[in-house]
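> Task: produce atomic coordinates for the following.
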Amino acid sequence: MSWIAIIVLMCLVLRNSGLSRSDVRSNMTQLFQDLKQATCSAHRKLDHHPLLARLMHRDLTFTHYRETLAQMRLAHSELEDRVVDFWRVQKHTYQPEPRKHLLEQELQQLGVSIYQLHPATDSGEGQVAPLHSLSEAVGATYVLEGSRLGGMVLARAIETRLVGHRCLFFSGDGACHWENFQRFCADASEHIERSTAITTAVQSFERYYSVINTKRIA
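Numbering: from 1, shown residues only. Alright, predicted model coming up:
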């Protein structure tokens, strides 16, 4: 069954079941609230990793920033590839916009040769399984798009501390991408298994932490 057929069927089901658009929006809001609550611990642990936490420090240096971006490249590339590959193959109406190329461009601007870094697929943490369902994709995308949204705050802090530097990876309209993702989830809410989305989101946060933690902080 095509995705368009699924949407049409969903509308018929909603009409027959008496669910209004406000009911669907409420279900989506509850999904995101549940995701936020369930991932709170893993999210906080990641935010407080020394490599990421120092991005908000007043004494942030270009050396620190380069090191953090270089290590984030491994974790972000793996997560982004899983998410983008799923949506592209399934040909859903929602398609997240890749941005790992911006991270690599920024590293090059900071004097880092991409050829000197480990391949983006070599995290040193073993292979991670692809996403197999819509619910898994929603969970992983929640982490990916949430990081884009949070990047807006980081960009302002980094550019204040590193005078003259313009962020590429962290800048951008994260709010717009987040709203697009929320809108899709609202439309597809009846097809999202909440427990699966939550499990995948938590695992995605934990995996991200595991990958960036492969490098010892001096």
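
> For the rest of this, base every contact and every neighbour count on C-alpha atoms.
OK.

> Output the below-cut-off pLDDT ranges for this protein.
Screening the chain residue by residue with the criterion pLDDT under 70, one finds the ranges 1-28, 118-126, 215-218.

> Centroid-nearest residue for it?
residue 144 (0.5 Å; CA atoms, centre = their mean).

> wait, what's in contact with residue 103?
Applying CA atoms under 8 Å, 6 or more residues apart in numbering, one finds that residue 103 lies in contact with 69, 73, 168-169.

> what about burial for the residues you listed, which qualify?
Burial by neighbour count, judged by 16 or more other CA atoms under 10 Å, picks out 69, 73, 168-169 from those.

> And these, which two are furthest apart?
Taking CA to CA as the measure, these span a maximum distance of 13.2 Å, between 73 and 168.

> my read: residue 65 touches residue 56, true?
No: counting by CA atoms under 8 Å, residue 65 stays clear of residue 56, with 10.4 Å between them.

> More neighbours: which of the two?
Between residue 65 and residue 56, counting by other CA atoms under 10 Å, residue 65 is the more crowded of the two (18 against 15).

> Can you name the helix or strand that the more buried one falls in?
Using DSSP states H and E, residue 65 maps to helix 62-90.

> And that helix, what does it pack against?
Counting contacts by 3 or more CA pairs under 8 Å, 6 or more residues apart in numbering; DSSP states H and E, helix 62-90 is packed against helix 100-109, helix 134-161, helix 194-212.

> No further queries at this time; thank you.
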